[in-house]
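[1] Quick one, what's the 3D model for this:
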Amino acid sequence: MLTIFYILLLINIGRCSDHQIFDTKNVAVGQNVTLNCSRDHRWLLTNLFWIRLVSQSFPEVLGSTISHDAPIIENIHHITTKQEPGTFVLHINGAQLSDTAVYYCIKESQRTMTFLKGTFLQVKGPDPGITGVTQDSLSNPVHPGDPVTLQCSVVSNSENRTCTEDHSVYWYRAKPDESHPSLIYSHGNNSYYCEWSPEAASQQKCVYSFSRNVSSSDTGTYYCAVATCGEILFGNGTKLDIEVVHHWDLQKTNTVVFLLCVALSISLIVIAFLIYTIKGKNKTSGKKSYFSKVKYSETFAAGHYLQLFPLFNLF
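    Presented below is the predicted three-dimensional model:
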């Protein structure tokens with residue numbers, strides 16, 4: 001029965017009715033919690049389920065019942081599900097930090113699943129002392145194949161901290177075409193560095209980095225989430241826009257480059273031809289000038305010779 005339910009859940013996840021209700025509850029550790037889901041005994045062949053969704057865990061069925069009145073009570077540790085008049089109740093006796101999760105009431109009828117109610121239950125424990133979670137923005141344009149490093153800074157104050165639990169950092173990506181963010185990375189023990197503030201000895205800053213070579217499918221907004229002491233704190237988000245050069249742009253660019261190369265080659269050939277022609281003309285004009293000067297010199301010399309020796313004119 002549970003195997004079939006899990007299959008149906010995966011197939012129909014996200015299918016919601018127009019009357020779906022989603023709310024948030026904040027409770028302290030040890031506080032009792034009661035969640036109600038409307039039930040109509042006139043529903044035929046209908047089953048109701050309370051499930052719990054926790055990050056990095058498979059959906060957990062906490063209890064099930066049928067639509068018509070029946071004294072069905074189920075217990076899982078400190079959690080009880082049972083029927084009451086017009087409602088299907090989930091009761092948590094003494095909430096624990098591990099009970100922080102999303103709780104869904106689901107109606108299943110003829111292999112059709114409807115989410116009736118969802119509640120994000122946040123169980124608050126001791127103060128982790130975290131005063132801020134910030135993310136750096138990207139200033140330079142990013143192209144497919146470029147290495148990108150995202151940073152998340154977690155600032156904490158040891159004076160206010162009453163919880164000794166270490167915090168874990170996760171990276172989520174929200175894409176415009178997806179309805180829910182997806183977990184893409186979680187930090188290990190050696191993937192960050194911390195430093196104490198020089199202004200305040202009790203203030204510490206830890207920087208978590210996430211690096212990867214991006215592709216066109218990595219476009220989206222990336223959030224770092226810090227989980228500690230029953231709390232989840234999100235950063236302000238880093239938007240990653242990847243500029244993709246389309247194939248037709250590359251062809252156009254290649255064509256322009258080719259034409260420029262052809263034009264440059266033709267220009268060089270024309271310049272070389274002009275230089276060769278000019279040099280040839282200079283050589284020819286130089287020779288003519290030389291012979292002209294020689295002929296003029298010979299004529300001038302002969303004239304003077306006749307003037308100096310007039311007797312030779314008689315012969």
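
[2] tell me which element residue 58 is part of?
    Taking DSSP states H and E as the definition, residue 58 sits outside all helices and strands.

[3] how about the strands in the stretch 201-315 of the chain?
    Counting by DSSP state E, counting those that start in this stretch, the stretch 201-315 of the chain has strands at residues 203-213, 220-228, 231-234, 238-240.

[4] Minimum distance to residue 259: which of the ones you listed has it?
    Evaluated over the strands of the stretch 201-315 of the chain, closeness to residue 259 peaks at strand 203-213, with 33.6 Å, by C-beta to C-beta. For every residue, glycine as well, the C-beta is placed using N, CA and C.

[5] Next, the angle from the closest one to strand 220-228.
    Between the axis of strand 203-213 and that of strand 220-228 there is an angle of 140 degrees, by axes from the mean of the first three to the mean of the last three C-alpha atoms, to 10 degrees.

[6] what does strand 203-213 contact?
    Outside strand 203-213, the residues that touch it by C-beta atoms under 8 Å, 6 or more residues apart in numbering are 131, 145-158, 169, 171, 185, 187, 191-197, 218, 222, 224.

[7] what about burial for those residues, which qualify?
    By neighbour count, with 16 or more other C-beta atoms under 10 Å, the contacts of strand 203-213 hold 148, 150-154, 156-157, 169, 171, 185, 187, 192, 218, 222, 224 as buried.

[8] Look at residue 23 and say how many residues are nearby.
    10 (other C-beta atoms under 10 Å).

[9] And for it, nearest residue in space, chain neighbours not counted?
    Leaving aside its sequence neighbours, residue 23 sits nearest to residue 119 (C-beta to C-beta, 6 or more residues apart in numbering; 5.6 Å).

[10] So what does that neighbour have for phi and psi?
    With angles defined as degrees, to the nearest 10, residue 119 sits at phi -140, psi 130.

[11] what residues are up against the residue nearest to residue 166 when sequence neighbours are not counted?
    Of all residues not flanking residue 166 in the chain, residue 228 sits nearest, at 7.0 Å (C-beta to C-beta, 6+ apart). The contact partners of residue 228, taken as C-beta under 8 Å, 6+ apart, are 128, 130, 163, 165, 166, 167, 168.

[12] OK, contacts around the residue nearest to residue 37 when sequence neighbours are not counted?
    Leaving aside its sequence neighbours, residue 37 sits nearest to residue 105 (C-beta to C-beta, 6+ apart; 3.4 Å). For residue 105, the contact set (C-beta under 8 Å, 6+ apart) comprises 35, 37, 48, 49, 50, 88, 90, 115, 116, 117, 118.

[13] Tell me where the stretch 101-250 of the chain has helices.
    Secondary structure of the stretch 101-250 of the chain (DSSP state H, counting those that start in this stretch): helices at 247-308.

[14] Point out where it drops to low pLDDT.
    160, 188-191, 230, 245-250 (pLDDT under 70).

[15] Break the protein down into its domains, please.
    As given by the TED database, the domain ranges for the chain are 20-124, 130-240.

[16] Now the terminal residues of the last one, how far apart.
    Criterion C-alpha to C-alpha, to the nearest Å; first-to-last residue distance in domain 130-240 is 26 Å.

[17] and it, how far from the chain's centre?
    Domain 130-240 sits 12 Å away from the centroid of its parent chain (C-alpha atoms, centre = their mean, to the nearest Å).

[18] Same check on the shortest one?
    With C-alpha atoms, centre = their mean as the basis, domain 20-124 stands 34 Å off its chain's centre.

[19] before we move on, the earlier item: which two among the buried ones among the contacts of strand 203-213 are spaced furthest apart?
    Going by C-beta to C-beta, the pair spanning the buried ones among the contacts of strand 203-213 furthest: 157 and 218, at 34.5 Å.

[20] coming back round to it: any chance of the strands of the stretch 201-315 of the chain in JSON lines, with distance to residue 64 too?
    Below are the strands of the stretch 201-315 of the chain laid out as JSON lines (distance: least, C-beta to C-beta, whole Å):
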{"stretch": "strand 203-213", "distance to residue 64": "40"}
{"stretch": "strand 220-228", "distance to residue 64": "29"}
{"stretch": "strand 231-234", "distance to residue 64": "28"}
{"stretch": "strand 238-240", "distance to residue 64": "42"}
